[in-house]
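**Q** next one to model:
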Amino acid sequence: MLIRREITADQAMTAMRNGEFGSDIIGAGRFVAVVLTQGWCSQWHYLNAGFARLEAAGEPAQYDIHLFTLVYDEEEYFFEFLRFKETVFGNDIIPYIRYYRDGVFVDDSNYVSPVGLIERLAAR
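**A** Take a look at the predicted model:
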């Protein structure tokens, strides 16, 4: 099952302070994906709609994937987070996705389909 949550300001600030998201995010379950994006991004809109379809269908049925999202251009700390993402995570493309398994960072990517995200996370 896909379990979706939005990243809070406190969680984003923790990431900026520590260089990584906290255990409340990356340790939320065996499979965790973090999607960082901006609201105007058409690929984000496609990805978000696909997540909604999977969530409504109770997919993936075989395991839980915790999906955390941050649409950071809608936040008051936009420029600070943008700088953090581009310098610390080394990525200036959106959407940017980070994959964690059992609380450990395992991979990152930019846009993938919703099913591709699940396959990429669970296949490793």
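**Q** go through this structure and flag its longest helix.
**A** helix 42-57 (DSSP state H).
**Q** not counting residues beside it along the chain, what's closest to V112?
**A** Spatially, and ignoring its direct neighbours in sequence, V112 is nearest to R120 (6.2 Å; Cβ to Cβ, 6 or more residues apart in numbering). From N, CA and C alone the C-beta is placed, and that goes for glycine too.
**Q** neighbours around the one you found, how many?
**A** 18 (other Cβ atoms under 10 Å).
**Q** contacts for the helix or strand harbouring it next, please.
**A** Following DSSP states H and E, one finds R120 within helix 114-122. Here helix 114-122 makes contact (Cβ atoms under 8 Å, 6 or more residues apart in numbering) with 2, 31-33, 47, 50-51, 53-54, 60, 63, 65, 97, 99, 101, 106-107, 109, 112.
**Q** next, the angle from that helix to helix 42-57.
**A** Between helix 114-122 and helix 42-57, the angle comes out at 80 degrees (axes from the mean of the first three to the mean of the last three Cα atoms, to 10 degrees).
**Q** can I get helix 114-122 as PDB, trimmed to CA atoms?
**A** Provided in PDB are the C-alpha atoms of helix 114-122 (Å, rounded to 0.1, in the frame of the first residue of the first chain):
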ATOM      1  CA  PRO A 114       4.700   6.100 -10.300                       C
ATOM      2  CA  VAL A 115       5.100   2.300 -11.000                       C
ATOM      3  CA  GLY A 116       8.700   2.900 -11.900                       C
ATOM      4  CA  LEU A 117       9.300   4.600  -8.500                       C
ATOM      5  CA  ILE A 118       7.900   1.500  -6.700                       C
ATOM      6  CA  GLU A 119       9.800  -0.900  -8.800                       C
ATOM      7  CA  ARG A 120      13.000   1.000  -8.400                       C
ATOM      8  CA  LEU A 121      12.600   1.200  -4.600                       C
ATOM      9  CA  ALA A 122      11.400  -2.400  -4.000                       C
END
